[in-house]
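Chemist: take this sequence and fold it.
(chains A and B)
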Amino acid sequence: KAGVTQTPRYLIKTRGQQVTLSCSPISGHRSVSWYQQTPGQGLQFLFEYFSETQRNKGNFPGRFSGRQFSNSRSEMNVSTLELGDSALYLCASSSVRSNEQFFGPGTRLTVL
Amino acid sequence: QKEVEQDPGPLSVPEGAIVSLNCTYSNSAFQYFMWYRQYSRKGPELLMYTYSSGNKEDGRFTAQVDKSSKYISLFIRDSQPSDSATYLCAMGIGSGGYQKVTFGIGTKLQVIP
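Modeler: You can find the predicted model right below:
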């Protein structure tokens, strides 16, 4: 079974730009969660999607948004990038039968 | 106070040592507990999952949960240099479709040959 995939793996953007990251969950998994990981804060929860609906949201500004498609693939978007948005963005998928979350390799975003 | 507290280390041990990694938590609503291993510049890899107090063993890894003390541990026996990584504890509420998982900051482990 293929694991969680994320694209792109690396991104370099400048302040004020916007970015879209993509996540394909494990086949059969309908829940996708997004996290931001930084050295100082660790893994911070952004939001969770299930069946194309956002079910849960963390404490991030409205510049961070996401969506999920009917095939469970998910995208997250960050608008008006700030230097502090530089981080590893991880997505994780889980099935309705289990609470275990399986992570992708992440997208490393650098904002200059 | 953070919901989940974990010592970031770093923790250095000689090869073959028993490693003990720990987390404490304050939210008694947490229902299940996980340990992840994360190598540099990689995504976290699920090592252990448990939802009850007590011990769970998988090879050289043992996860221990004490809900009364709000304390979880991961033990690694016969540690190897390949175990050098950051270990994240995670605790969750709910299930796929509506779940909230909170992570510790991670403990960086180095196993010295």
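Chemist: residue ranges of the helices in chain A, please?
Modeler: Secondary structure of chain A (DSSP state H): no helices present.
Chemist: near chain B, which residues of it?
Modeler: Applying C-beta under 8 Å from any C-beta of the partner chain, we find that chain A lies next to chain B at A:4, A:6, A:29-31, A:33, A:35, A:41-43, A:45, A:48, A:50-51, A:55-56, A:90, A:94-106, A:108. To be clear about C-beta, it is placed using only N, CA and C from the backbone, and glycine gets the same treatment.
Chemist: buried subset of those residues as a PyMOL selection?
Modeler: A single PyMOL command selects the buried members of the residues of chain A next to chain B (16 or more other C-beta atoms under 10 Å in any protein chain shown):
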select buried, chain A and resi 4+6+29+30+31+33+35+42+43+45+48+50+55+56+90+94+95+99+100+101+102+103+104+105+106+108
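Chemist: number of nearby residues for the closest residue to residue A:25 other than its chain neighbours?
Modeler: Using C-beta to C-beta, 6 or more residues apart in numbering or on different chains and skipping the chain neighbours, the partner closest in space to residue A:25 is residue A:93 (3.2 Å). Using other C-beta atoms under 10 Å in any protein chain shown, the number of residues around residue A:93 comes to 26.
Chemist: least confident secondary structure element in chain B?
Modeler: Ranked by mean pLDDT, DSSP states H and E, the weakest helix or strand in chain B is strand B:98-103, scoring a mean of 85.
Chemist: which residues sit against it?
Modeler: A:31, A:33, A:35, A:42-43, A:45, A:48, A:50, A:55-56, A:94, A:99, A:101, B:3-4, B:25, B:27, B:30, B:34, B:36, B:88-94 (C-beta atoms under 8 Å, 6 or more residues apart in numbering or on different chains).
Chemist: residues in contact with the residue most central in space within chain A?
Modeler: Ranked by distance to the mean C-alpha position of chain A (C-alpha atoms, centre = their mean), the top residue is residue A:34 at 3.4 Å. Applying C-beta under 8 Å, 6+ apart, we find residue A:34 in contact with A:23, A:45-48, A:66, A:74, A:76, A:89-92.
Chemist: now with 6 Å, please.
Modeler: Residues in contact with residue A:34 (C-beta atoms under 6 Å, 6 or more residues apart in numbering or on different chains) are A:46-47, A:76, A:91.
Chemist: can you count the residues close to the closest residue in space to it that isn't next to it in sequence?
Modeler: Nearest non-adjacent residue to residue A:34, counting by C-beta to C-beta, 6+ apart: residue A:46, 4.1 Å away. Counted by other C-beta under 10 Å, the residues lying close to residue A:46 total 22.
Chemist: give the buried residues for stretch B:88-107.
Modeler: Those buried within stretch B:88-107 under the rule 16+ other C-beta under 10 Å are B:88-92, B:94-97, B:99-107.
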